[in-house]
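Undergrad: Quick one, structure for this:
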Amino acid sequence: MAKKNIIEQEFGSIYPLYIQKIERKGRTKEELNKIIYWLTGYDELGLNEQLEKKNSFETFFTQAPKMHENRSMIKGKVCGIRVEDIEDSMIQNIRYLDKLIDELAAGKTMEKILRNSY
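TA: Numbers count the residues shown, from 1 in each chain. Prediction:
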């Protein structure tokens, strides 16, 4: 069976993996959520609704209240590919989130992760 495209994967099936990743590095679910809120404009209620509805990554990002205007400041590699060079905006948004989570797990401060704009 072909591997499911990341866009089609249920966001809620990956979310617990994000939590595990950052908690292994001493970070918290609250910090993870703050990153998600910053990037997407969701609040706690909106994020929980997305998780309960079992929406795909595509739906999660399509329904995001407001993608942060400073997300283009996110630079670097995820899976060996520079996020700023990704042409597909949906994949780029997913990789922006991955990059922010990597930075959180690596111990960066929230101020740096959120590009100095809480």
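Undergrad: For the chain, which residue occupies the most central location?
TA: With distances taken as CA atoms, centre = their mean, the chain has residue 97 as the residue nearest its mean C-alpha position (2.5 Å).
Undergrad: Name the nearest residue to it, ignoring sequence neighbours.
TA: residue 39 (5.9 Å; CB to CB, 6 or more residues apart in numbering). For every residue, glycine as well, the C-beta is placed using N, CA and C.
Undergrad: That neighbour contacts residue 71, correct?
TA: Yes. With contact defined as CB atoms under 8 Å, residue 39 reaches residue 71; the gap is 6.1 Å.
Undergrad: higher neighbour count, the two?
TA: Using other CB atoms under 10 Å, the more surrounded residue of residue 39 and residue 71 is residue 39, with 21 against 18.
Undergrad: At which residues are the strands of the chain located?
TA: Residue ranges of the strands in the chain, as given by DSSP state E, are 77-78, 81-82.
Undergrad: Point out the one among the ones you listed that comes closest to residue 108.
TA: Among the strands of the chain, the nearest to residue 108 by CB to CB is strand 77-78 (14.7 Å).
Undergrad: List the contacts of the longest helix along the chain.
TA: The longest helix of the chain (DSSP state H) is helix 89-105. For helix 89-105, contacts defined as CB atoms under 8 Å, 6 or more residues apart in numbering pick out 6-7, 18, 21-22, 24-25, 27, 31-32, 35-36, 39, 57-58, 61, 67, 71, 74, 76, 78-79, 81, 83, 86, 112-113.
Undergrad: Can you give me the neighbour number for the nearest residue to residue 43 once chain neighbours are set aside?
TA: What sits nearest to residue 43 in space, not counting adjacent residues and going by CB to CB, 6+ apart, is residue 37, at 6.2 Å. As a burial measure, residue 37 scores 17 neighbours (other CB under 10 Å).
Undergrad: for residue 29, same thing?
TA: 13.
Undergrad: quick one: it and residue 93, what's the gap?
TA: Note on residue 29: its distance to residue 93, by CB to CB, to the nearest Å, is 21 Å.
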